[in-house]
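Participant: Below are the sequence and a predicted model; questions follow.
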Amino acid sequence: MDRESKLYKFRRRLQTIAHKIFSDETMSKFYYRIVLHKNLNLENPQSFNEKLQWYKLNYFPNNHLVVQCADKYLVRDYVESKGLGKYLTTLLGYWDDAREIEWDELPDKFMLKCNHGCAYNILCSNKKEFDMKKATKQLNKWMKEDFGVYNIEIHYSKILPRKIICEEYLGDVITDYKFYCFNGDPQFFYISYDLIHDRQAQIGFFNIDGSKLPLGRDDYKNIEEVKLPEYYDEMFNVAKILSKDFPFVRVDFFLA
């Protein structure tokens, strides 16, 4: 295990312990101070970031639809209920335990995910070279984790039952469009490339018309302009439908 992995594992352990000792509000203020170097005002939130923290603590955990749509398995039912099932990635299987996976029945390429958090993903681009034992061990390790405690996103803690899902392989490099929507009204989006490699991606924030927003992220290489894809209007309209039930939500699309 490299130094970065050890530090990550140690941080996760500390976060779990801290969650048992301190309140969700206290931990949110602590993380906010670390990331943004500001004090978090939850009594009278003014900035978008402050309102997101209030929203996360007071709205998300108590809204069954938020919990459903954070669930990478049950969100499919929500999308289907809106008549938009054709946009879902093909589901190849789902299990309660990685030891139940029948590897012989899966195609040569696929994506494995846990439904109860983020970055619980394993990509298989060639089953002949894929380490199934290692994947089984990793998936079942993730299944035991309570993702909601790490960054005080308690709605993830309410995702039950936890499941492993397998979806179709979309390609070696995916373009990701993320629409930020308020009560069914997409206001801006960001786009990232080279999604498979995640933090090596290029990223940019844009207005709905494609013009650049004065926003960025230090951990990404920012792009200054974007050519809107052929399916942009279709993505925009689908985002409007899927976001109508939420005061704020982000709706994501993959283009392979």
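Facilitator: Thanks, I have the structure now. Residues are numbered from 1 along each chain as shown.
Participant: residues touching Tyr231, list them.
Facilitator: Taking Cβ atoms under 8 Å, 6 or more residues apart in numbering, we find Tyr231 in contact with Leu255. Bear in mind the C-beta positions are built from the backbone N, C-alpha and C, glycine included.
Participant: do the same with Glu80
Facilitator: Leu88.
Participant: Mind listing what's buried along the helix or strand harbouring Lys6?
Facilitator: Assigned by DSSP states H and E, Lys6 belongs to helix 3-21. Buried residues in helix 3-21, counted by 16 or more other Cβ atoms under 10 Å: Ala18, His19.
Participant: For stretch 97-110, list every residue counted as buried.
Facilitator: Ala98, Ile101, Leu106, Lys109, Phe110.
Participant: go on, stretch 62-79?
Facilitator: Across stretch 62-79, burial judged by 16+ other Cβ under 10 Å covers Asn63, Val66, Val67, Gln68, Cys69, Ala70, Asp71, Lys72, Tyr73, Val75, Arg76, Val79.
Participant: do stretch 238-246 as well
Facilitator: Buried-residue list, stretch 238-246, by 16+ other Cβ under 10 Å: Val238, Ala239, Leu242, Ser243, Phe246.
Participant: cool, and stretch 169-186?
Facilitator: Under 16+ other Cβ under 10 Å, the buried positions of stretch 169-186 are Tyr169, Leu170, Ile174, Thr175, Asp176, Tyr177, Lys178, Phe179, Tyr180, Cys181, Pro186.
Participant: what kind of secondary structure is the second one in?
Facilitator: If I follow you right, that is Leu170. Under DSSP: H, G, I helix; E, B strand; the rest coil, Leu170 falls in the coil class.
Participant: following the one helix or strand in the chain whose mean pLDDT sits lowest, which helix or strand comes up?
Facilitator: Of the helices and strands making up the chain, the lowest-confidence element is strand 221-222, at a mean of 72, by mean pLDDT, DSSP states H and E. Per DSSP H and E, the first helix or strand lying C-terminal to strand 221-222 is helix 232-243.
Participant: which ones are touching Ala18?
Facilitator: Contacts for Ala18 (Cβ under 8 Å, 6+ apart) come out as Met27, Phe30.
Participant: So it versus Pro61, what's the distance?
Facilitator: Ala18 sits 18 Å away from Pro61, going by Cβ to Cβ, to the nearest Å.
Participant: same deal with Asp245?
Facilitator: 17 Å.
Participant: what's the answer for Leu88, then?
Facilitator: Distance, Leu88 to Pro61, by Cβ to Cβ: 26 Å.
Participant: When those two are compared, which one has more neighbours?
Facilitator: Higher neighbour count among Leu88 and Pro61: Pro61, with 18 against 12, using other Cβ atoms under 10 Å.
Participant: which residues does the closest residue to that one other than its chain neighbours contact?
Facilitator: Closest residue to Pro61 apart from its sequence neighbours, by Cβ to Cβ, 6 or more residues apart in numbering: Ile154 at 4.3 Å. Counting by Cβ under 8 Å, 6+ apart, Ile154 touches Asp24, Lys56, Leu57, Phe60, Pro61, Gly148.
Participant: Now render those residues as JSON lines, adding distance to Ala256.
Facilitator: Below are the contacts of Ile154 laid out as JSON lines (distance: Cβ to Cβ, whole Å):
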{"residue": "Asp24", "distance to Ala256": "38"}
{"residue": "Lys56", "distance to Ala256": "31"}
{"residue": "Leu57", "distance to Ala256": "36"}
{"residue": "Phe60", "distance to Ala256": "30"}
{"residue": "Pro61", "distance to Ala256": "34"}
{"residue": "Gly148", "distance to Ala256": "30"}
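Participant: Top of the residues you listed by number of neighbours, please.
Facilitator: Gly148 (21 neighbours).
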